[in-house]
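[1] Got a predicted structure here, sequence first:
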Amino acid sequence: MILCIFRESKYIVFFLCLYDLSRKFRTMYEYIQGDIAELTPAYAVVEAGGVGYYLTISLQTYAELEPLERARIYTHFAVREDAQVLYGFATKAEREIFRLLISVSGVGGNTARMILSTYSPSELANIITTENAVLLKNVKGLGLKTAQKIIVELKDKTAVFNGIASPEAAPSAAAVLPNEENLEEAVAALVMLGFGKAASEKTVKALLKETPSLGVEEIIRQALKRL
């Protein structure tokens, strides 16, 4: 806690105290509501009041926003030395899970987003409950020690994971595309998420060979578990 002991610059002191009281995940944006100008599995651009907001999103949020033209997107604003990132979530519950994940030492925003993209909330809750660190460490950028730390620190907090429903298994009408289009879109999304193009293409082709009817979101989710 920052102690307000300075008599001069009282407004600065007040700001510091206020920051200390609210720094635990209180940000300047609670949500942004507007038209979805652009949407990919990795980010969304929402236009509100003539301003386009670039929001980094998970596959979970992408699946929920895909059929919409307008949306209210809950946000988390992260400031790093090298970047300022605005994360977007379709629900408050997903944002709460994200914040639980980044509360664990060693888990950053991009890793938390990758976890939410790889596993549904129910899958993640099951992984933590059963202490399956080996499965959790399959997420890109996550090592075994950090996976174990997530399990230890969040095993008593999985109840919040029930507040968010997993996307429907059946692809939406917008996601039902010919195989070639599905392949290209899924590979492009995986590349945006940081995977190599060759490895992504190989994995997506294998998935489509096994199950040709997969929609884009499911292709990406299953690919994330294999890459």
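    Okay, I see it. Numbers count the residues shown, from 1 in each chain.

[2] got the buried residues for the helix or strand harbouring A93?
    Using DSSP states H and E, A93 sits within helix 92-102. Going by neighbour count (16 or more other CB atoms under 10 Å), the buried part of helix 92-102 is 93-102. In this view, the C-beta of every residue, glycine as well, is placed from N, C-alpha and C.

[3] chain center to the helix or strand that that helix is followed by, what's the gap?
    Using DSSP H and E, the next helix or strand after helix 92-102 towards the C-terminus is helix 109-118. Its chain's C-alpha centre and that of helix 109-118 lie 5 Å apart, by CA atoms, centre = their mean, to the nearest Å.

[4] now the angle from helix 109-118 to helix 92-102?
    Direction vectors for helix 109-118 and helix 92-102, defined by axes from the mean of the first three to the mean of the last three CA atoms, to 10 degrees, enclose an angle of 130 degrees.

[5] pLDDT score for D20?
    D20 is assigned a predicted lDDT (pLDDT) of 40.

[6] start at 11 instead
    Sure thing, new numbering starts at 11, so read that last one as D30.

[7] tell me the helices in the chain, going along the chain?
    Using DSSP state H, the helices of the chain run over 20-32, 69-75, 102-112, 119-128, 131-139, 143-146, 154-164, 189-202, 207-220, 226-236.

[8] Figure out how far the shortest one is from the centre of its chain.
    Offset of helix 143-146 from its chain centre (CA atoms, centre = their mean): 18 Å.

[9] Low-confidence bits of this protein, can you list those?
    11-37, 170-189 (pLDDT under 70).

[10] can you list the domain ranges for it.
    Here the domain assignment for the chain is 103-173, 183-236, based on automatic domain parsing.

[11] Make a markdown table out of those domains and add distance to E76.
    Below are the domains of the chain laid out as a markdown table (distance: least, CB to CB, whole Å):
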| stretch | distance to E76 |
| --- | --- |
| domain 103-173 | 14 |
| domain 183-236 | 6 |
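
[12] Would you mind saying which of those lies nearest Y72?
    domain 183-236 (6.7 Å; CB to CB).

[13] before we move on, the earlier item: looking at the domains of the chain, which is closest to Y41?
    domain 103-173 (9.4 Å).

[14] Perfect, I'm done here.
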